[in-house]
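> can't give you the sequence, but here's the structure:
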């Protein structure tokens with residue numbers, strides 16, 4: 001039985017890479033692979049039990065702590081090792097010594113514009129996986145590394161379900177409130193243009209998410225008299241809506257695809273690097289924005305008025321299945337090219353372990369978090385209702 005290790009930051013949290021890693025478990029779990037997941041942040045037995053109850057396909061996954069990997073002695077024999085965060089790339093040197101025969105895959109999830117200019121440990125990877133041909137070309141040119149294959153992450157979690165939409169004027173953003181990447185500020189400016197300059201008072205915007213720029217958005221809403229047109233909530237969301245994404249960068253755009261899979265039209269920006277469009281240009285339920293208010297205002301109004309059709313839904317499903325379907329088959333074909341790559345292991349010694357750990361913890365901090373960090377993580381994912389009197 002093939003043995004696979006996946007190394008990630010926090011499978012018990014939220015985010016695109018967490019979803020990607022869960023989908024990896026789904027793909028390989030259904031194919032009778034033996035799976036081990038190494039989590040960077042400290043976790044409890046309760047965390048594992050909760051995850052396995054929520055996602056039954058993880059029931060046979062062995063969840064282990066990241067610190068176990070700081071060793072030149074193998075824990076077991078792995079055929080494939082996924083390193084799913086670029087901050088972990090220095091670990092490739094240690095992994096290569098401990099698992100010399102394994103195919104070690106470095107996954108590039110961060111948009112290239114936001115990626116560290118120096119990626120340590122590339123020479124010890126069997127290959128890197130990227131989302132598009134344009135990313136492959138730029139990465140190869142920028143880092144002088146050529147063992148790269150293109151494959152979209154798995155979309156195994158999607159539940160395709162078309163429901164007739166009632167005509168409405170609802171826009172929905174489902175995103176982390178981080179303007180440096182997500183640029184929700186442009187969506188707010190677009191709403192202001194519609195409501196205050198075009199007289200489209202009926203348009204409502206729902207913001208669903210959390211993040212550091214919530215205060216910034218609230219200030220804009222107050223200053224532009226948009227309180228009656230904006231709802232910030234993760235729960236009180238409409239059933240009928242048009243999704244909108246104006247992110248600077250997305251290597252895929254899970255929130256866009258998840259909205260399409262539920263039969264919603266999506267208004268989406270191409271991306272500063274055009275990667276979103278490169279991935280999803282063939283999806284008819286997506287209407288493209290240019291981030292020019294004069295051009296985008298009529299596009300938004302047209303998108304709100306155009307109810308999704310079953311034909312558009314089916315074409316969108318076919319386009320996304322062509323993009324990301326048959327994941328395991330494509331994975332095996334892509335990685336087979338890198339079987340038998342030779343590496344220089346003689347120069348790797350136990351003295352490299354503290355250096356590697358120092359590099360990683362300089363960016364991510366210690367995985368042995370103090371009690372107040374653990375409390376913060378717990379409160380962040382726990383409803384306040386359990387603390388309130390009944």
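Thanks, I have the structure now. Given the structure is predicted, the values throughout are model-derived calculations rather than measurements.
> Tell me where this structure has helices.
With DSSP state H, the ranges of helices along the chain come out as 16-29, 45-54, 92-98, 133-143, 179-182, 184-192, 214-223, 254-261, 275-280, 293-305, 310-324, 327-336, 352-364, 371-380.
> Could you measure from residue 12 over to residue 90?
For residue 12, the distance to residue 90 (C-beta to C-beta, to the nearest Å) stands at 24 Å. All C-beta spots, glycine's among them, are computed from the backbone N, C-alpha and C.
> Name the residue in those two with the higher neighbour count.
residue 90 (22 against 17; other C-beta atoms under 10 Å).
> and residue 199, how many neighbours?
Neighbours of residue 199 using other C-beta under 10 Å come to 8.
> Over to the one 5 residues further on?
For residue 204, the neighbour count with other C-beta under 10 Å is 18.
> likewise residue 136?
What residue 136 shows, counting by other C-beta under 10 Å, is a neighbour count of 18.
> Residue 10 too?
Counted with other C-beta under 10 Å, residue 10 comes out at 19.
> Just confirm it contacts residue 41, I think it does.
Yes. Between residue 10 and residue 41 there is a contact at 4.5 Å, judged by C-beta atoms under 8 Å.
> do you know how far residue 358 is from residue 70?
Taken as C-beta to C-beta, the span from residue 358 to residue 70 is 11 Å.
> Show me which of these two is the more surrounded one.
Using other C-beta under 10 Å as the criterion, residue 358 and residue 70 rank with residue 70 on top: 16 against 10.
> Might you report the residue contacts of the nearest residue to the more buried one once chain neighbours are set aside?
Distance criterion C-beta to C-beta, 6 or more residues apart in numbering; nearest residue to residue 70, sequence neighbours excluded, is residue 353 at 5.2 Å. Contacts for residue 353 (C-beta atoms under 8 Å, 6 or more residues apart in numbering) come out as 70, 71, 72, 94.
> cool, and residue 213?
177, 178, 179, 184.
> Out of the helices of the chain, the one nearest residue 85 is which?
helix 16-29 (6.6 Å; C-beta to C-beta).
> what is the mean pLDDT for the closest one?
When pLDDT is averaged along helix 16-29, the result is 92.
> same deal with stretch 284-297?
Rounded mean pLDDT across stretch 284-297 is 96.
> Would you mind giving the domain segments of this structure?
Domain assignment of the chain by automatic domain parsing yields the ranges 3-154+326-385, 170-324.
> first to last residue in the last one, what's the distance?
Spelled out, that is domain 170-324. 29 Å (C-alpha to C-alpha, to the nearest Å).
> now stretch 233-253
21 Å.
> same check, this time on stretch 319-337
Across stretch 319-337, the terminal residues are separated by 27 Å (C-alpha to C-alpha).
> That stretch: which residues count as buried?
319, 320, 323, 324, 327, 330, 331, 334, 335 (16 or more other C-beta atoms under 10 Å).
> same question, stretch 69-88
Those would be 69-70, 78-88, for stretch 69-88 by 16+ other C-beta under 10 Å.
> now do stretch 227-242
Here stretch 227-242 shows 229, 230, 231, 232, 241, 242 as buried, counting by 16+ other C-beta under 10 Å.
> in the chain, which segments are predicted with low confidence?
369-390 (pLDDT under 70).
> Let's see that with 50 instead.
371, 381-390 (pLDDT under 50).
> thinking again about what came up before, could you identify the most distant pair in the buried residues of stretch 227-242?
232 and 242 (17.9 Å).
> Tell me which residues are up against stretch 216-230.
The contact list for stretch 216-230 (C-beta under 8 Å, 6+ apart) reads 177, 179, 184-185, 188, 191-192, 195-196, 201, 203-207, 232.
> Buried ones from those residues, can you make that a PyMOL selection?
Paste this into PyMOL to select the buried members of those, with burial taken from 16+ other C-beta under 10 Å:
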select buried, resi 177+179+184+188+191+192+195+203+204+205+206+207+232
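> of all the contacts of stretch 216-230, which comes closest to residue 249?
Nearest to residue 249 among the contacts of stretch 216-230, with distances taken as C-beta to C-beta, is residue 179, at 12.3 Å.
> who's in contact with the closest one?
Residue 179 sits next to 185, 213, 216 when contact means C-beta under 8 Å, 6+ apart.
> Export those residues as CSV, with columns for distance to residue 165.
Below are those laid out as CSV (distance: C-beta to C-beta, whole Å):
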residue, distance to residue 165
185, 27
213, 30
216, 31
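> ok, so of those, who is nearest residue 280?
Closest to residue 280, out of all of the contacts of residue 179 and judged by C-beta to C-beta, is residue 185, at 22.6 Å.
> where's the residue nearest to that closest one when sequence neighbours are not counted relative to residue 219, distance?
Spatial nearest neighbour of residue 185, chain neighbours left out: residue 179 (5.4 Å); criterion: C-beta to C-beta, 6+ apart. Applying C-beta to C-beta, the value for residue 179 to residue 219 is 12 Å.
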